[in-house]
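Enquirer: can you look at this prediction? I've put the sequence above it.
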Amino acid sequence: MAREYQTLVDQIHQLPGFGNLLQPKQLHQLTQAARNGPIAVIKVHASCYDALILHSQDPSNPILHVHLPDFFPGKAATLHSQLASALRNHVVHSERKLVQLHEDSDNAGSLEIVLKDLWSLVVQPIFAEIEHLLTRSITDNILPHITWCATGHLAFLPLHAAGVYCSSKDFENIRLLDLVVSSYTPTVTYCSITLTECMAMNGQQLSSVSKILVVSQPNTPGQQSLPGTTKEVATVQKLTHAEKSLHLGDRKASVSAVVEAMALYQWVHLACHGIQNWKDPLQSAFTLCDGKLTLERLIDIKLDKAELAFLSACQTATGDENLSEEAVHLVAGRLAAGFPSVISTLWSIADSDAPLVSEAFYSSLFVLGEFVERKHRQLRIVYALHGAVKQLCEKVGVQNYEQWVPFVNFGL
């Protein structure tokens, strides 16, 4: 059987366009994936942690190696545990959005320590090594872009928010948020495939965006009410043409109706409960009026027109820590379905924060309902989210990390 399989694969390789089927990506193909900025792959091993930086600025040396000597084995698991403990204390894992907003200096301190350790042990050594690459890529005073591809327990940690906050010595304060714009990717291969597809569209991405599907569930049966979704939907609709958007809310947002509509719209905005199933990750789901839109079903959907999914629900980028080397979360389902960009949350967000981020995000992209053509094409989405998160950070206060840190972008 093995010989028959190999014979079939060899025959397929002879067909035009199938020469690389099931073959590892070539280095030059992976380098193409770094055209929008370096990709930092952080690998975890029992004996050490290292980062491989893939970039496109020097074809003779496209990979840089960064040793992380102080990030000893087990530290990532410790930081993940500290983060999880701080979030549990702040009651942000129990509901989709409804965070109990209260002052908790111990909680803020715990999150602050995690972000500081991420900076000093992981991000700062990488940034120091690639700062010259990032400086070269700065144009028109636009911050450079970096993509994080983390493994192990690091995949659960907010590298994009690493920094030293609120130090008594001003000169010690530093935030990655002020230095670069960050994205995440489950694999480097995904980046290369997505970028190739976007380039093949020859600039049609985004400039032709005219249709957005908005799904909301303010009163999902059996779930806590989410009144903020009503304002969130109004915000999105205000910034886009009514005839170019479709809102499925309450009973209209059935699983079948949402799946069918997704095939017709380039952008999808989901404002509802999100559930992470730790025992069976493929059953993680968005809860709709008549049931669950599961990760298993999302992975099976292939959408040709897909461009952006905005997942305004909790834990959409939270994977299974027992499968930390695999991208098993609701974002992965959207990526597999064909969305080049997926905006998601690492944990539950405040019901009042979602409309603020949505308004700032879409306002940056649209004027009078039309997409504003700017540089960076698909990457423009990443910059729009970056600006929206900074606005939220300034509004709620930088020390309220649990409110602004969870918003992340996967893909381009």
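Expert: Received it, and whenever you're ready, just let me know what you need. Because the structure is predicted, anything quoted here is derived from the model rather than measured.
Enquirer: for F71, which residues are in contact?
Expert: Residues in contact with F71 (C-beta atoms under 8 Å, 6 or more residues apart in numbering) are 49, 121-122. Placement of C-beta: from N, CA and C, glycine included.
Enquirer: want to throw those residues into TSV with neighbour count, distance to L176 and pLDDT?
Expert: Converted to TSV, these look like this (neighbours: other C-beta atoms under 10 Å; distance: C-beta to C-beta, whole Å; pLDDT from 0 to 100):
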residue	neighbour count	distance to L176	pLDDT
Y49	24	18	83
L121	19	13	95
V122	27	10	96
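Enquirer: redo those residues as TSV? Include secondary structure and distance to R88.
Expert: Formatted as TSV, the contacts of F71 follow (DSSP: H, G, I helix; E, B strand; the rest coil; distance: C-beta to C-beta, whole Å):
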residue	secondary structure	distance to R88
Y49	strand	26
L121	helix	23
V122	helix	23
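Enquirer: of those residues, closest to T78?
Expert: Of all those, T78 sits closest to L121, with 10.8 Å by C-beta to C-beta.
Enquirer: could you report the distance from the spatially closest residue to that closest one that is not a sequence neighbour to S120?
Expert: Nearest residue to L121 in three dimensions, chain neighbours excluded: F71, at 4.4 Å (C-beta to C-beta, 6 or more residues apart in numbering). Distance, F71 to S120, by C-beta to C-beta, to the nearest Å: 9 Å.
Enquirer: doesn't H241 make contact with I212?
Expert: No: applying C-beta atoms under 8 Å as the test, I212 and H241 come out as separate, 9.4 Å apart.
Enquirer: mind checking which helix or strand E232 is in?
Expert: E232 belongs to helix 228-239 when assigned by DSSP states H and E.
Enquirer: rewinding a little: now do the phi/psi pair for the residue nearest to L121.
Expert: The phi/psi pair for F71 (degrees, to the nearest 10) reads phi -90, psi 80.
Enquirer: per-residue pLDDT, it?
Expert: For F71, the pLDDT comes out at 87.
Enquirer: wait, what's in contact with S56?
Expert: 31-32, 34-35, 62.
Enquirer: can you rerun that using 6 Å?
Expert: 31, 34-35 (C-beta atoms under 6 Å, 6 or more residues apart in numbering).
Enquirer: and these as TSV, adding pLDDT, neighbour count and secondary structure?
Expert: Below are the contacts of S56 laid out as TSV (pLDDT from 0 to 100; neighbours: other C-beta atoms under 10 Å; DSSP: H, G, I helix; E, B strand; the rest coil):
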residue	pLDDT	neighbour count	secondary structure
T31	77	21	helix
A34	83	24	coil
R35	83	14	coil
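Enquirer: distance to T220 added to those residues, as a markdown table?
Expert: Formatted as a markdown table, those follow (distance: C-beta to C-beta, whole Å):
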| residue | distance to T220 |
| --- | --- |
| T31 | 45 |
| A34 | 41 |
| R35 | 41 |
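Enquirer: measure A354 to W347 for me?
Expert: Taken as C-beta to C-beta, the span from A354 to W347 is 13 Å.
Enquirer: what about these two, which has more around it?
Expert: A354 (25 against 21; other C-beta atoms under 10 Å).
Enquirer: separation between that one and T240?
Expert: In this view, A354 and T240 are 17 Å apart by C-beta to C-beta.
Enquirer: show me where the stretch 101-250 of the chain has its strands.
Expert: Per DSSP state E, counting those that start in this stretch, the stretch 101-250 of the chain carries strands over the ranges 145-150, 163-164, 174-175, 181-184, 212-216, 245-249.
Enquirer: between those strands, which one is closest to K305.
Expert: Per C-beta to C-beta, nearest to K305 of the strands of the stretch 101-250 of the chain: strand 212-216, 10.7 Å.
Enquirer: what's near enough to touch T189?
Expert: Contacts of T189 (C-beta under 6 Å, 6+ apart): K25.
Enquirer: which parts of stretch 261-270 are buried?
Expert: Residues of stretch 261-270 classed as buried by neighbour count (16 or more other C-beta atoms under 10 Å): 261-262, 265-270.
Enquirer: now, which of those sits nearest K390?
Expert: H269 (20.5 Å).
Enquirer: quick one: average pLDDT of whichever helix or strand that closest one is part of?
Expert: Using DSSP H and E, the element containing H269 is strand 267-271. Per-residue pLDDT over strand 267-271 has a mean of 91.
Enquirer: partners of that strand in the sheet?
Expert: strand 212-216 (parallel), strand 308-312 (parallel) (DSSP bridges).
Enquirer: winner for burial among the ones you listed?
Expert: strand 308-312 (a mean of 28; mean count of other C-beta atoms under 10 Å).
Enquirer: ok now that strand, how far from the chain's centre?
Expert: Relative to its parent chain, strand 308-312 has a centroid offset of 9 Å by C-alpha atoms, centre = their mean, to the nearest Å.
Enquirer: is the closest residue to R35 other than its chain neighbours in a helix, a strand, or coil?
Expert: Counting by C-beta to C-beta, 6+ apart, S56 is the residue found nearest to R35 once chain neighbours are left out, at 5.2 Å. Of the three states, S56 takes coil under DSSP: H, G, I helix; E, B strand; the rest coil.
Enquirer: measure S56 to Q26 for me?
Expert: Distance from S56 to Q26, by C-beta to C-beta: 14 Å.
Enquirer: same deal with E172?
Expert: 43 Å.
Enquirer: one more: F71?
Expert: 30 Å.
Enquirer: helices along this protein, start to end?
Expert: In the chain, the helices defined using DSSP state H lie at 2-13, 27-32, 75-89, 105-118, 124-136, 188-200, 228-239, 255-262, 295-300, 330-337, 353-365, 380-396, 401-404.
Enquirer: tabulate the ones you listed (a markdown table), appending distance to T151.
Expert: Formatted as a markdown table, those follow (distance: least, C-beta to C-beta, whole Å):
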| stretch | distance to T151 |
| --- | --- |
| helix 2-13 | 28 |
| helix 27-32 | 16 |
| helix 75-89 | 9 |
| helix 105-118 | 15 |
| helix 124-136 | 14 |
| helix 188-200 | 11 |
| helix 228-239 | 33 |
| helix 255-262 | 30 |
| helix 295-300 | 20 |
| helix 330-337 | 15 |
| helix 353-365 | 28 |
| helix 380-396 | 22 |
| helix 401-404 | 24 |
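Enquirer: those helices: which one's closest to A40?
Expert: Of all the helices of the chain, helix 124-136 comes closest under C-beta to C-beta, at 5.5 Å.
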